[in-house]
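Novice: just a sequence and a predicted model for now, questions to come.
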Amino acid sequence: MVGSARAGVLDALTDLVLPARCGGCDRQGQRWCPSCAREVAAAPPAGRWTPTPAPGGLPDVWSVVPYEGAVRAGLANWKDNGRRDLVRVLAPLLTEALLAALLAGEDWGGPPGPDPAHGTWVVVPVPSARPNVRRRGDRPLQDLARRSVQAVPPAIRPPVVPALRLARTVADQAGLHSAARSENLRGAMVVAPTAAPSVQGVRCVVVDDVITTGATLAEAARALRAAGAAVVLAATVAATRRRPRRP
Ligand SMILES: [Zn+2]
(Lines give C-alpha, C1' and ligand atoms only; values in the text may rest on other atoms or scores of the structure.)
Protein backbone atom coordinates (compact mmCIF):
# COMPACT_ATOMS: atom_id res chain seq x y z
CA MET A 1 0.00 0.00 0.00
CA VAL A 2 2.84 2.32 0.85
CA GLY A 3 4.31 1.65 -2.57
CA SER A 4 1.11 2.49 -4.41
CA ALA A 5 0.53 5.56 -2.25
CA ARG A 6 4.00 6.79 -3.12
CA ALA A 7 3.39 6.01 -6.75
CA GLY A 8 0.22 8.07 -6.59
CA VAL A 9 2.17 11.05 -5.24
CA LEU A 10 4.79 10.57 -7.94
CA ASP A 11 2.04 10.45 -10.54
CA ALA A 12 0.61 13.71 -9.29
CA LEU A 13 4.05 15.33 -9.26
CA THR A 14 4.81 14.03 -12.73
CA ASP A 15 1.57 15.45 -14.05
CA LEU A 16 2.43 18.81 -12.50
CA VAL A 17 5.95 18.92 -13.86
CA LEU A 18 5.38 17.42 -17.28
CA PRO A 19 2.85 18.59 -19.80
CA ALA A 20 0.42 15.68 -20.04
CA ARG A 21 1.07 14.23 -23.43
CA CYS A 22 0.27 10.74 -24.61
CA GLY A 23 3.43 8.61 -24.61
CA GLY A 24 2.18 6.74 -27.66
CA CYS A 25 1.01 9.49 -30.03
CA ASP A 26 2.04 12.77 -28.37
CA ARG A 27 -1.58 13.90 -28.20
CA GLN A 28 -2.11 16.39 -25.39
CA GLY A 29 -4.26 15.47 -22.42
CA GLN A 30 -3.08 12.34 -20.67
CA ARG A 31 -0.21 9.90 -20.24
CA TRP A 32 -1.71 7.25 -22.52
CA CYS A 33 -4.74 8.21 -24.59
CA PRO A 34 -7.81 6.03 -25.25
CA SER A 35 -6.79 5.57 -28.88
CA CYS A 36 -3.37 4.18 -27.93
CA ALA A 37 -4.98 2.09 -25.20
CA ARG A 38 -7.35 0.58 -27.78
CA GLU A 39 -4.40 -0.18 -30.05
CA VAL A 40 -2.68 -2.12 -27.28
CA ALA A 41 -5.88 -3.82 -26.17
CA ALA A 42 -6.44 -5.09 -29.72
CA ALA A 43 -3.17 -7.06 -29.65
CA PRO A 44 -3.63 -10.83 -29.28
CA PRO A 45 -2.75 -12.44 -25.93
CA ALA A 46 0.91 -13.03 -25.12
CA GLY A 47 2.32 -15.80 -27.24
CA ARG A 48 5.52 -17.50 -28.30
CA TRP A 49 7.73 -15.47 -30.60
CA THR A 50 10.74 -16.67 -32.59
CA PRO A 51 12.68 -14.33 -34.88
CA THR A 52 13.81 -15.48 -38.31
CA PRO A 53 16.61 -16.42 -38.36
CA ALA A 54 16.80 -17.40 -34.69
CA PRO A 55 20.23 -17.23 -33.06
CA GLY A 56 21.64 -20.41 -31.55
CA GLY A 57 20.71 -20.93 -27.92
CA LEU A 58 17.72 -18.59 -28.04
CA PRO A 59 15.42 -19.54 -25.15
CA ASP A 60 11.68 -19.89 -25.70
CA VAL A 61 10.35 -16.32 -25.77
CA TRP A 62 6.89 -14.98 -24.91
CA SER A 63 5.92 -11.54 -26.12
CA VAL A 64 2.77 -9.41 -26.31
CA VAL A 65 2.64 -6.74 -28.99
CA PRO A 66 4.36 -5.96 -32.30
CA TYR A 67 7.14 -3.39 -31.94
CA GLU A 68 5.31 -0.71 -33.90
CA GLY A 69 2.87 2.15 -33.51
CA ALA A 70 1.99 3.39 -30.04
CA VAL A 71 3.98 0.75 -28.17
CA ARG A 72 7.14 1.44 -30.17
CA ALA A 73 6.79 5.16 -29.47
CA GLY A 74 5.94 4.46 -25.85
CA LEU A 75 9.01 2.26 -25.33
CA ALA A 76 11.28 4.87 -26.93
CA ASN A 77 9.79 7.66 -24.85
CA TRP A 78 10.07 5.58 -21.68
CA LYS A 79 13.65 4.48 -22.24
CA ASP A 80 15.31 7.36 -24.04
CA ASN A 81 13.13 10.45 -23.64
CA GLY A 82 12.70 10.55 -19.90
CA ARG A 83 9.09 9.35 -19.79
CA ARG A 84 9.69 6.92 -16.92
CA ASP A 85 6.02 7.39 -15.98
CA LEU A 86 5.15 5.18 -18.97
CA VAL A 87 6.36 2.20 -16.94
CA ARG A 88 2.75 2.09 -15.72
CA VAL A 89 1.57 1.43 -19.26
CA LEU A 90 4.35 -1.03 -20.10
CA ALA A 91 4.53 -3.08 -16.89
CA PRO A 92 1.12 -4.79 -17.37
CA LEU A 93 2.27 -5.91 -20.83
CA LEU A 94 5.44 -7.45 -19.46
CA THR A 95 3.40 -9.05 -16.68
CA GLU A 96 1.25 -10.73 -19.33
CA ALA A 97 4.28 -12.12 -21.18
CA LEU A 98 5.89 -13.15 -17.92
CA LEU A 99 2.79 -15.02 -16.75
CA ALA A 100 2.53 -16.82 -20.09
CA ALA A 101 6.17 -17.89 -19.77
CA LEU A 102 5.75 -18.99 -16.14
CA LEU A 103 2.63 -21.02 -16.90
CA ALA A 104 4.23 -22.69 -19.90
CA GLY A 105 7.44 -23.16 -17.96
CA GLU A 106 5.71 -25.21 -15.31
CA ASP A 107 5.53 -27.99 -17.88
CA TRP A 108 9.31 -28.01 -17.99
CA GLY A 109 9.66 -29.46 -14.51
CA GLY A 110 13.12 -28.92 -13.15
CA PRO A 111 14.30 -28.52 -9.58
CA PRO A 112 12.73 -25.97 -7.25
CA GLY A 113 14.59 -22.80 -6.39
CA PRO A 114 17.01 -22.69 -3.46
CA ASP A 115 14.63 -20.77 -1.23
CA PRO A 116 11.01 -21.95 -1.07
CA ALA A 117 10.00 -18.51 0.19
CA HIS A 118 11.07 -17.13 -3.16
CA GLY A 119 9.23 -19.66 -5.27
CA THR A 120 10.82 -21.69 -8.01
CA TRP A 121 11.57 -19.04 -10.60
CA VAL A 122 13.61 -15.88 -10.71
CA VAL A 123 13.24 -12.97 -13.15
CA VAL A 124 16.50 -11.70 -14.60
CA PRO A 125 16.55 -8.37 -16.52
CA VAL A 126 19.06 -8.13 -19.36
CA PRO A 127 21.94 -5.89 -18.28
CA SER A 128 22.20 -2.25 -19.38
CA ALA A 129 25.35 -1.05 -21.11
CA ARG A 130 27.42 1.21 -18.85
CA PRO A 131 27.25 4.24 -21.20
CA ASN A 132 23.46 3.96 -21.13
CA VAL A 133 23.42 3.78 -17.34
CA ARG A 134 25.65 6.86 -17.22
CA ARG A 135 23.54 8.72 -19.75
CA ARG A 136 20.18 7.78 -18.27
CA GLY A 137 21.30 7.78 -14.65
CA ASP A 138 19.20 4.73 -13.82
CA ARG A 139 18.29 1.23 -14.99
CA PRO A 140 14.74 1.51 -16.33
CA LEU A 141 14.51 -2.18 -17.23
CA GLN A 142 15.04 -3.22 -13.61
CA ASP A 143 12.23 -0.89 -12.59
CA LEU A 144 9.99 -2.32 -15.32
CA ALA A 145 10.81 -5.87 -14.22
CA ARG A 146 10.08 -5.10 -10.56
CA ARG A 147 6.75 -3.47 -11.36
CA SER A 148 5.81 -6.33 -13.65
CA VAL A 149 6.28 -9.03 -11.02
CA GLN A 150 4.20 -7.05 -8.53
CA ALA A 151 1.11 -7.96 -10.55
CA VAL A 152 1.93 -11.68 -10.52
CA PRO A 153 -0.16 -13.55 -7.92
CA PRO A 154 1.84 -13.79 -4.67
CA ALA A 155 1.81 -17.58 -4.68
CA ILE A 156 3.90 -17.71 -7.85
CA ARG A 157 5.52 -14.27 -7.76
CA PRO A 158 9.21 -14.62 -8.63
CA PRO A 159 11.89 -12.32 -7.22
CA VAL A 160 13.77 -10.03 -9.61
CA VAL A 161 17.46 -10.88 -9.55
CA PRO A 162 19.66 -8.51 -11.60
CA ALA A 163 22.25 -11.27 -11.92
CA LEU A 164 23.70 -10.40 -15.32
CA ARG A 165 26.51 -7.97 -16.04
CA LEU A 166 28.24 -6.95 -19.25
CA ALA A 167 31.77 -8.29 -19.02
CA ARG A 168 33.07 -6.05 -21.78
CA THR A 169 32.08 -3.11 -23.93
CA VAL A 170 29.67 -3.91 -26.75
CA ALA A 171 28.82 -1.83 -29.80
CA ASP A 172 25.36 -0.30 -30.12
CA GLN A 173 23.17 -3.06 -31.54
CA ALA A 174 21.12 -0.60 -33.60
CA GLY A 175 21.99 -0.88 -37.27
CA LEU A 176 23.66 -4.29 -36.95
CA HIS A 177 22.12 -7.24 -38.77
CA SER A 178 21.30 -10.50 -37.05
CA ALA A 179 24.67 -12.29 -37.37
CA ALA A 180 26.60 -9.13 -36.46
CA ARG A 181 24.44 -8.65 -33.37
CA SER A 182 25.18 -12.18 -32.20
CA GLU A 183 28.90 -11.68 -32.87
CA ASN A 184 28.86 -8.34 -31.05
CA LEU A 185 27.36 -9.95 -27.95
CA ARG A 186 29.06 -13.34 -27.98
CA GLY A 187 30.47 -13.99 -24.50
CA ALA A 188 29.66 -10.42 -23.44
CA MET A 189 27.50 -11.25 -20.42
CA VAL A 190 28.38 -12.92 -17.14
CA VAL A 191 26.55 -13.74 -13.95
CA ALA A 192 28.00 -11.58 -11.19
CA PRO A 193 29.78 -13.83 -8.66
CA THR A 194 27.62 -12.53 -5.82
CA ALA A 195 24.47 -13.45 -7.78
CA ALA A 196 25.62 -16.93 -8.81
CA PRO A 197 23.90 -18.73 -5.90
CA SER A 198 20.61 -17.08 -6.90
CA VAL A 199 20.57 -18.68 -10.35
CA GLN A 200 22.47 -21.94 -9.90
CA GLY A 201 19.98 -24.79 -10.28
CA VAL A 202 17.16 -22.24 -10.54
CA ARG A 203 14.63 -21.66 -13.32
CA CYS A 204 15.10 -18.21 -14.82
CA VAL A 205 12.95 -15.94 -16.99
CA VAL A 206 15.04 -13.31 -18.75
CA VAL A 207 13.11 -10.09 -19.40
CA ASP A 208 13.74 -7.32 -21.90
CA ASP A 209 11.62 -4.59 -23.44
CA VAL A 210 11.91 -5.74 -27.07
CA ILE A 211 13.09 -8.81 -28.94
CA THR A 212 14.55 -7.94 -32.33
CA THR A 213 17.03 -10.53 -33.62
CA GLY A 214 17.08 -12.45 -30.33
CA ALA A 215 20.85 -11.95 -29.93
CA THR A 216 20.52 -10.26 -26.54
CA LEU A 217 18.23 -12.93 -25.07
CA ALA A 218 20.39 -15.73 -26.50
CA GLU A 219 23.51 -14.27 -24.89
CA ALA A 220 21.69 -13.73 -21.58
CA ALA A 221 20.53 -17.36 -21.66
CA ARG A 222 24.05 -18.58 -22.47
CA ALA A 223 25.49 -16.72 -19.48
CA LEU A 224 22.77 -18.02 -17.15
CA ARG A 225 23.19 -21.60 -18.35
CA ALA A 226 26.96 -21.27 -17.92
CA ALA A 227 26.30 -20.27 -14.31
CA GLY A 228 24.18 -23.38 -13.81
CA ALA A 229 20.61 -22.12 -14.35
CA ALA A 230 18.25 -25.10 -14.58
CA VAL A 231 15.94 -23.69 -17.26
CA VAL A 232 15.94 -20.36 -19.09
CA LEU A 233 12.87 -18.81 -20.71
CA ALA A 234 12.33 -15.21 -21.81
CA ALA A 235 9.57 -12.59 -21.84
CA THR A 236 9.40 -9.21 -23.57
CA VAL A 237 6.87 -6.43 -23.96
CA ALA A 238 7.19 -6.26 -27.75
CA ALA A 239 8.64 -8.12 -30.71
CA THR A 240 10.00 -6.70 -33.95
CA ARG A 241 7.87 -8.29 -36.63
CA ARG A 242 9.89 -7.29 -39.67
CA ARG A 243 12.73 -9.54 -40.60
CA PRO A 244 16.22 -8.30 -39.82
CA ARG A 245 18.26 -7.04 -42.76
CA ARG A 246 20.54 -9.50 -44.44
CA PRO A 247 24.22 -8.56 -44.72
ZN1 LIG B 1 -2.05 8.22 -27.77
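Specialist: Thanks, I have the structure now. Since this is a predicted model, take the numbers as computed values, not measurements. Numbering: from 1, shown residues only.

Novice: OK, contacts around residue 102?
Specialist: Taking Cβ atoms under 8 Å, 6 or more residues apart in numbering, we find residue 102 in contact with 121, 152, 156, 158, 205. Quick note: C-beta positions are derived from backbone N, CA and C, even for glycine.

Novice: name the element the second one belongs to?
Specialist: I take that to be residue 152. Under DSSP states H and E, no helix or strand contains residue 152.

Novice: likewise the last one?
Specialist: Residue 205 is located in strand 203-211, with elements delineated by DSSP H and E.

Novice: list the helices and strands whichever helix or strand comes after that strand packs on?
Specialist: From strand 203-211 onward toward the C-terminus, using DSSP H and E, the following helix or strand is helix 215-226. Here helix 215-226 touches strand 164-166, helix 178-185, strand 189-191, strand 203-211, strand 231-239, going by 3 or more Cβ pairs under 8 Å, 6 or more residues apart in numbering; DSSP states H and E.

Novice: now with 10 Å, please.
Specialist: strand 60-66, strand 121-125, strand 164-166, helix 178-185, strand 189-191, helix 196-199, strand 203-211, strand 231-239 (3 or more Cβ pairs under 10 Å, 6 or more residues apart in numbering; DSSP states H and E).

Novice: residue 221: which of these is closest?
Specialist: strand 231-239 (4.2 Å; Cβ to Cβ).

Novice: got a pLDDT number for residue 175?
Specialist: pLDDT, residue 175: 76.

Novice: contact residues of this protein facing the ion?
Specialist: For the chain, the residues in contact with the ion (Cβ under 5 Å from the ion) are 22, 24-25, 27, 33, 36.

Novice: can you put those in TSV and add distance to residue 169?
Specialist: Below are these laid out as TSV (distance: Cβ to Cβ, whole Å):
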residue	distance to residue 169
22	36
24	33
25	36
27	39
33	39
36	36
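
Novice: for residue 74, state which of the residues you listed is nearest.
Specialist: Nearest to residue 74 out of those is residue 24 (Cβ to Cβ; 4.8 Å).

Novice: against residue 222, how distant is that closest one?
Specialist: Look at residue 24 and residue 222: by Cβ to Cβ, to the nearest Å, they are 34 Å apart.

Novice: of these two, who's got more company?
Specialist: In this view residue 24 and residue 222 are compared by other Cβ atoms under 10 Å, and residue 24 has more residues nearby, 24 against 21.

Novice: ramachandran angles for the more buried one?
Specialist: phi -100, psi -30 (degrees, to the nearest 10).

Novice: need the contact list for it.
Specialist: By Cβ atoms under 10 Å, 6 or more residues apart in numbering, residue 24 lies in contact with 31-33, 35-37, 39-40, 69-75, 77, 86, 89.

Novice: export the residues of the chain next to the ion to a markdown table and tack on pLDDT and distance to residue 185?
Specialist: As requested, those are arranged in a markdown table below (pLDDT from 0 to 100; distance: Cβ to Cβ, whole Å):
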| residue | pLDDT | distance to residue 185 |
| --- | --- | --- |
| 22 | 96 | 34 |
| 24 | 97 | 29 |
| 25 | 97 | 33 |
| 27 | 94 | 37 |
| 33 | 95 | 36 |
| 36 | 96 | 32 |
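
Novice: now the residues you listed: which count as buried?
Specialist: The neighbour count (16 or more other Cβ atoms under 10 Å) marks 22, 24, 33, 36 as buried among the residues of the chain next to the ion.

Novice: with that, I have no additional questions.
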